[in-house]
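Visitor: no sequence for this one, just the structure:
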């Protein structure tokens, strides 16, 4: 008789035992798979159903090369080279990110006109946290570090981008009595889930376009903890890596929203990143002003378009 304490180990024992040679190969495969099912089912999920797992290496300083600009007068890149160069040591990350913008419910409007503090508080109320800027960028770029969640070319679709915008009336936005009407006049975001093809390799939707998203920049050091990523529905660049660092945490505007992140729940550690580069190799990768490499939308003399 098998002791009760050995019960949970039976599937593992069965899976390890060689099957009789008289059993047909297909039957062997079915028996082995069935024996392993209880063990797999017992593992905890990495993320809740409304989030997706992001597991990979982020690059703090990445430089893209532009192969083709939108037109001769535009600083915006229409197509990037598919081998961006990481110019600093990579960092391994493993976390969960919301599938959609807050409130992360398909069919509802994304929340806007929130401060960085509001976004942080809302995420914490849901048992999550505001995404770190490096996390948000990795979730958008995917493992290939593409400038757009869907690839290497700027397209009018599949995301909600490049729409003409109306000039906002700041006084009406500030006043509680006129704010709702002014937000409605300016509104050009689409409800959550409207762009199923605007999705990153990790499975996060609308990370560029629709609404700007607050991110947490506190890990980068310095006084600027509040950053914005992804752009919104207007005619802006909308790349994964481009970051707005000019607004303080109390700023709010008609197109600013957010999404949340959290730690993975399965207890599996992030994979190890590549070995750090020796100092002399890092020095060779520095920009002319040192770290970080200056980010610009302007064309360089060789056609390069840095991004970081």
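Guide: Done, it's in. None of the values given here were measured: they were computed from a predicted structure.
Visitor: and residue 51, bridged to which residues?
Guide: On the basis of DSSP bridges, residue 51 is bridged to residue 98.
Visitor: and it, what is it in contact with?
Guide: By CB atoms under 8 Å, 6 or more residues apart in numbering, the contact list for residue 51 reads 96, 97, 98, 99, 262. Placement of C-beta: from N, CA and C, glycine included.
Visitor: ok, of those residues, which one's closest to residue 59?
Guide: Taking CB to CB as the measure, residue 59 sits nearest to residue 97 out of the contacts of residue 51, at 17.5 Å.
Visitor: What are the boundaries of the strands in the stretch 151-300 of the chain?
Guide: Counting by DSSP state E, counting those that start in this stretch, the stretch 151-300 of the chain has strands at residues 212-216, 226-229, 243-244, 256-258, 260-263.
Visitor: what lines up beside the third one in the sheet?
Guide: Strand 243-244 pairs in its sheet with strand 226-229 (antiparallel), by DSSP bridges.
Visitor: Okay, buried residues for the partner strand please.
Guide: 226, 227, 228, 229 (16 or more other CB atoms under 10 Å).
Visitor: and what of stretch 158-170?
Guide: Buried residues in stretch 158-170, counted by 16+ other CB under 10 Å: 158, 159, 160, 161, 162.
Visitor: State the distance from residue 224 to residue 68.
Guide: Going from residue 224 to residue 68 by CB to CB, to the nearest Å gives 33 Å.
Visitor: Need phi/psi at the closest residue to residue 258 other than its chain neighbours.
Guide: Excluding its sequence neighbours, the residue lying closest to residue 258 (CB to CB, 6 or more residues apart in numbering) is residue 119, at 3.8 Å. The phi and psi values for residue 119, taken as degrees, to the nearest 10, are phi -60, psi -40.
Visitor: next one: residue 115
Guide: Backbone torsions for residue 115, taken as degrees, to the nearest 10, come to phi -80, psi 170.
Visitor: so it makes contact with residue 247?
Guide: No. Counting by CB atoms under 8 Å, residue 115 does not reach residue 247; the two are 9.5 Å apart.
Visitor: about what we covered before: show me which pair in the contacts of residue 51 is furthest apart.
Guide: Across the contacts of residue 51 (CB to CB), the longest gap, 12.6 Å, separates 99 and 262.
Visitor: so what's the residue lying closest to residue 142 once chain neighbours are set aside up against?
Guide: With CB to CB, 6+ apart as the criterion, residue 142 has its nearest non-adjacent residue at 3.0 Å, and that residue is residue 201. Residue 201 sits next to 142, 143, 144, 146, 149 when contact means CB under 8 Å, 6+ apart.
Visitor: how many neighbours does the last one have?
Guide: Neighbours of residue 149 under the rule other CB atoms under 10 Å: 28.
Visitor: nearest spatial neighbour of it, skipping sequence neighbours?
Guide: residue 200 (3.8 Å).
Visitor: That neighbour: what's it in contact with?
Guide: Contacts for residue 200 were tallied using CB under 8 Å, 6+ apart; they are 139, 140, 141, 142, 149, 150, 207, 240.
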